[in-house]
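just need the structure, nothing else, for what follows:
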Amino acid sequence: MKKTYKTWGLISLAVLMLAGCSKPSATEQGSAAATGSMTGTAGSQLTVGITNPPLMFNPIDSDGSGSSGAVFIYRYFFDSLVKTVGPLDFKMALAESFTTEDNQTYKIAIRNNANWTDGKPVTAQDVEFTINLIVNPKTITTQRSAIFALDGLNEKGMLPAGQDKISSIKVIDDKHLELKTSKPVDPNLLYERLSDLLIVPKHVLESADPATLNQNPFWRNPNVTSGPYKFVKYENKSYVELAANENYYRGAPKIAKVFVKIMPASNMVAQLQSGELDMNAAQGSGNIPASEWKTVKTFANLRTEEQQTRRYNSIEINMERFPDKKVRQALAYAIDRQMIVDQLMPGAGELQDGPYSNSHPYHDKNVKSYGFDPEKAKQMLKEAGFDMNKSIELIVPTGDKTREMAGNIIQQNFQAIGLKVKQVNFDFPTTVSRLVKGDFDLTLSSFGSLMDPDGPATVYRSTAALNDMRYKSKTVDDLFNRGMNETDKDKRFQIYKELQNTIQEDVPLITVYSEYNLIAISKSVEGKGGVTDGMHYSVNEWYRK
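Modelled structure (predicted):
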């Protein structure tokens, strides 16, 4: 039977939401006068707060762009073929239709009225070009997991040697193409992955060398885009200004300007109360400190909401520096995770065990867990012959108050069992850079998971772009392969149950806690707001009351 998908199911890797604003503060007004920004007529703009400053806006490489803050922002102006709007619920974006008869060959029609902001049409060739960039072995990218199921790729999700173009994409004409997977797959797996694949303009970037793509100046001034908003400027580590794309194919936005302000999480509370912010970007990009959540809920000008998420905080372990599994397990037993949750996020967080968050349908409730047992940790380190005089560096990124305080507790827990652990703090882009280069011992960071259980493959596969830990397990790689090729839900659950317990046994990272998505949005703004899925899809429909 032919399957046609116009609304579907998937969940986005990133937690996404949007913005609101009101009158700038006196300081901002002075800055606006000097820069020509942060101004506008009453009710014509929105302002959102984030904590992680972007480095650039390259959707091919989220790490190089500065990760979550950049991802949150570039989803305003780059569109995907489809967009998530809720759990197992998604809608067409650049694609007008997406059909399959056999779960292996997929026919895609691009909207006739979808254009780039320079007036040129968004085409099937743009889709093909974007995917070819990602599969090119010379390209630095975090997106290979999005196209891993396509036919014609090697085990690393790249083109085989001697090839310069993927064979499983067939362009029919400017607005039609076909994709073919290596084997029949659960359609939701493909759709969900493609929801994170943002299409870039071929006519702007086709002359770029894939080997130096990340250095292209376009990513710092992306002036040809397809989304509801257009990039205007980035005042480094201060704010990003966006303007409505009046020719957006789904309808011009009702709000003329969006300002995304970058600040420490602790500053968000005061600016939400004063009206300088209309909302925070919430989980992943700008959550309100859990310790201040009860206060925020009392502000009369805001509506608030809290949600379980599929994002969690963990300690990444450089396995080249800590190759002994017993040592990594000892580190896990040394951490008083329950105290972190109880003290730092009462009523606004929970313990996390394994690569699937507690709210994920594939989470094994009986997955191997590491309780707080400092004596056992000391004994295991002794049995492993670990050098207790070794200096260990714990990197804790700045910008998230709860995470910074969690880092303090973790450092104290490690010191309490005799480890010489020094905490160092870097901004988020610097932290990401250190992770990518493998220049770290331990790092407190966060990950998110898709609805499809293959989601953690972006972190735990031996070849995964986000596998900063340098974790290599043939067993885990084989389980991911089996899970991707299995369409029976019950059989898939058993595969991923084995997978998550294998990962927990190996401890390439220590999962610590999951903080709830804490959403605050001005009552003067009408829109879906800081929810787990779907904000960027409907942002063109937002308005001020």
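
please enumerate the helices of the stretch 301-450 of the chain.
When secondary structure is read from DSSP state H, counting those that start in this stretch, the stretch 301-450 of the chain shows helices at 325-333, 337-344, 374-384, 401-416, 428-437.

turn those helices into a markdown table, columns for distance to Asp118.
Heads up, the C-betas are built off the backbone N, CA and C, glycines and all. Shown next, in a markdown table, are the helices of the stretch 301-450 of the chain (distance: least, C-beta to C-beta, whole Å):
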| stretch | distance to Asp118 |
| --- | --- |
| helix 325-333 | 51 |
| helix 337-344 | 48 |
| helix 374-384 | 59 |
| helix 401-416 | 40 |
| helix 428-437 | 29 |
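
what's the closest of the ones you listed to Lys261?
helix 428-437 (15.4 Å; C-beta to C-beta).

element containing Leu190?
helix 187-194 (DSSP states H and E).

swap that for Asn267, sorry
Applying DSSP H and E, one finds Asn267 within helix 265-274.

now stretch 129-142: how far from the chain's centre is it?
How far stretch 129-142 lies from its chain's middle: 19 Å, per C-alpha atoms, centre = their mean, to the nearest Å.

for the residue nearest to Asp118 when sequence neighbours are not counted, give me its contacts.
Spatial nearest neighbour of Asp118, excluding adjacent residues (C-beta to C-beta, 6 or more residues apart in numbering): Val224 at 5.0 Å. Contact partners of Val224, counting by C-beta atoms under 8 Å, 6 or more residues apart in numbering, are 116-118, 120, 201, 203-204, 218.

ok but Val224 is inside a strand, no?
No - under DSSP: H, G, I helix; E, B strand; the rest coil, Val224 sits outside any strand and is assigned coil.

tell me how far it lies from Thr304.
38 Å (C-beta to C-beta, to the nearest Å).

got it, and Thr123?
For Thr123 relative to Thr304 (C-beta to C-beta), the value is 43 Å.

cool, and Asp61?
Applying C-beta to C-beta to Asp61 and Thr304 gives a distance of 34 Å.

please enumerate residues in contact with stretch 235-249?
Residues from elsewhere that reach stretch 235-249, judged by C-beta under 8 Å, 6+ apart: 35, 37-38, 53-54, 73, 76-77, 94, 111, 113-115, 117, 225-234, 252-253, 255-262, 540.

roughly how far apart are Thr443 and Ala330?
18 Å.

what about the contacts of Val224, which are in helices?
The helices, defined by DSSP state H, take in 203-204 from these.

type out the ChimeraX command that picks the buried ones from the contacts of Val224.
Filtering the contacts of Val224 down to the buried ones (16 or more other C-beta atoms under 10 Å) takes a single ChimeraX command:
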select :116,117,201,204,218
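
where does the prediction get shaky in the stretch 151-300 of the chain?
283-284 (pLDDT under 70).

actually the chain, sorry about that
For the chain, the ranges with pLDDT under 70 are 1-43, 87-88, 283-284, 529-533.

mind checking the longest helix of it?
Max-length helix for the chain by DSSP H is helix 489-506.

which residues of the stretch 51-200 of the chain fall in helices?
Using DSSP H, counting those that start in this stretch, helices in the stretch 51-200 of the chain cover 62-65, 68-74, 124-135, 187-194.

which one of those is the most hemmed in?
Ranked by mean neighbour count, the helices of the stretch 51-200 of the chain are led by helix 68-74 with a mean of 27 (mean count of other C-beta atoms under 10 Å).

tell me how far that one is from the chain's mean position?
That offset, for helix 68-74, works out to 8 Å (C-alpha atoms, centre = their mean).

that one - contacts with which helices or strands?
Applying 3 or more C-beta pairs under 8 Å, 6 or more residues apart in numbering; DSSP states H and E, one finds that helix 68-74 contacts strand 45-50, helix 62-65, strand 257-262.

compare these and give me the one nearest Phe414.
helix 62-65 (26.6 Å).

show me what the closest one packs onto, helices and strands only.
Using 3+ C-beta pairs under 8 Å, 6+ apart: helix 62-65 touches helix 68-74, helix 428-437.

name the nearest residue to Asp400, sequence neighbours excluded.
Per C-beta to C-beta, 6+ apart, closest to Asp400 is Ala265, 5.5 Å.

cool, Ser97 as well?
Closest to Ser97 by C-beta to C-beta, 6+ apart is Ala109, at 4.7 Å.

again, but for Met279
Ile521 (4.0 Å).

hey, what's the one you found bridged with?
Bridge pairing for Ile521 (DSSP bridges) gives the partners Met279, Arg303.

verify the stated contact: it with Asp278.
Yes - proximity of Ile521 to Asp278 meets the contact threshold set by C-beta atoms under 8 Å, at 6.5 Å.

now Ala211: how far from Lys325?
For Ala211, the distance to Lys325 - C-beta to C-beta - is 37 Å.

swap in Gln271?
Counting by C-beta to C-beta, the gap from Gln271 to Lys325 is 46 Å.

likewise Thr304?
For Thr304 relative to Lys325 (C-beta to C-beta), the value is 43 Å.

can you check Gln125 too?
From Gln125 to Lys325 the distance is 48 Å (C-beta to C-beta).

likewise Arg434?
24 Å.

if you count what's nearby, which of those two comes out ahead?
Comparing Arg434 with Lys325 by other C-beta atoms under 10 Å, the one with more neighbours is Arg434, at 18 against 15.

how many neighbours does the nearest residue to the more buried one once chain neighbours are set aside have?
Distances taken as C-beta to C-beta, 6+ apart place Phe440 nearest to Arg434, at 5.1 Å, with adjacent residues excluded. As a burial measure, Phe440 scores 22 neighbours (other C-beta under 10 Å).

isn't Phe440 right up against Ile395?
Yes - assessed by C-beta under 8 Å, Phe440 is found in contact with Ile395 at 5.4 Å.

overlap in contacts of the two?
Arg434.

quick one: distance of stretch 169-188 to the chain centre.
25 Å.

list the buried residues for that stretch?
Buried residues in stretch 169-188 (16+ other C-beta under 10 Å): 169, 175-181, 185-188.

start to end distance for it?
19 Å (C-alpha to C-alpha, to the nearest Å).

tell me which residues are up against that stretch.
Contacts of stretch 169-188 (C-beta under 8 Å, 6+ apart): 3, 5, 8-10, 88, 100, 102-112, 121, 123-125, 127-128, 131-132, 149-153, 168, 190, 451-452, 484-485, 487.

please redo it, this time with the cut-off set to 6 Å
The list of residues contacting stretch 169-188 from outside it, by C-beta atoms under 6 Å, 6 or more residues apart in numbering, reads 9, 103-110, 123-124, 128, 149-151, 168, 485, 487.

between Asp61 and Thr304, who's got more neighbours?
More crowded of Asp61 and Thr304, by other C-beta under 10 Å: Asp61, with 21 against 16.

my guess is the more buried one contacts Thr142. True?
Yes - in terms of C-beta atoms under 6 Å, Asp61 counts as a neighbour of Thr142; the distance is 5.5 Å.

before we move on, back to that, got a PyMOL select line for the buried ones in the contacts of stretch 169-188?
Restricted to buried positions by 16+ other C-beta under 10 Å, the PyMOL selection for the contacts of stretch 169-188 reads:
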select buried, resi 9+103+104+105+106+107+108+109+110+123+124+128+149+150+168
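
which of the contacts of stretch 169-188 fall in strands?
Using DSSP state E, the subset of those located in strands is 105-110.

nearest to Asp387, of those?
Distances from Asp387 to the ones in strands among the contacts of stretch 169-188, taken by C-beta to C-beta, are shortest for Tyr106, at 53.8 Å.

isn't that closest one up against Thr100?
Yes - between Tyr106 and Thr100 there is a contact at 4.7 Å, judged by C-beta under 6 Å.

list the contacts of Asn115.
So Asn115 contacts Pro121 (C-beta under 6 Å, 6+ apart).

follow-up on the earlier one: what is the burial count for the residue nearest to Asp400?
23.

pretty sure Thr431 contacts Gly399?
No - with contact defined as C-beta under 6 Å, Thr431 does not count as touching Gly399 (9.7 Å).
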